[in-house]
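**Q** Here is a sequence with its predicted model. Questions after.
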Amino acid sequence: MNYYEKKVKQGDTVPEEKVRKRKGIVHINHEFCKRCGICVNFCPVKNLEIQHQMLMELERCIACKTCQRYCPDFAIEIEELDAKAVITG
Ligand code: SF4
Ligand code: SF4
């Protein structure tokens, strides 16, 4: 676990430019999502945004699963990526 991952674990927000690796893919069920913004506010790396009335991910997920835990509508599922298959973002 690196310095920034530790910070996230402690509940701190990490600067965007420090997030280099994508560790998860956010699967959004757009039928269930009511665009309440809870996940957007909780994501420590600002990976989620509501654009044009739709929840989008910005490909810098660190797979902390906070969004999945807090979504009241079970609209998010995080797929963890294999460390070898990490995509920079
Ligand atoms: S918390 Fe759930 S319902 Fe709310 S915007 Fe995020 S995915 Fe959609
Ligand atoms: S799992 Fe959710 S809260 Fe955590 S980094 Fe990915 S999008 Fe953000």
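**A** Thanks, I have the structure now. Everything numeric here is computed off the predicted structure, so don't read it as measured data. Residues are numbered from 1 along each chain as shown. Ligands and ions are numbered 1, 2, ... in the order given.

**Q** biggest helix in the protein by residues?
**A** Secondary structure of the chain per DSSP state H: the longest helix is helix 3-9.

**Q** Grab the CA positions of that one and hand them over as CSV.
**A** Output of helix 3-9 as CSV, limited to C-alpha atoms (Å, rounded to 0.1, in the frame of the first residue of the first chain):
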residue,chain,number,x,y,z
TYR,A,3,1.3,6.7,0.8
TYR,A,4,-1.8,7.9,-1.0
GLU,A,5,-3.6,4.6,-0.6
LYS,A,6,-3.0,4.8,3.1
LYS,A,7,-4.4,8.4,3.1
VAL,A,8,-7.5,7.1,1.4
LYS,A,9,-7.9,4.4,4.0
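
**Q** That helix - what's its average pLDDT?
**A** For helix 3-9, mean pLDDT is 71.

**Q** name the helices or strands packed onto the following helix or strand past it?
**A** Sequence order places strand 21-22 as the next helix or strand after helix 3-9, per DSSP states H and E. Packing partners of strand 21-22 (3 or more CB pairs under 8 Å, 6 or more residues apart in numbering; DSSP states H and E): strand 87-88. Any C-beta I mention is one placed from the backbone N, CA and C, and that applies to glycine too.
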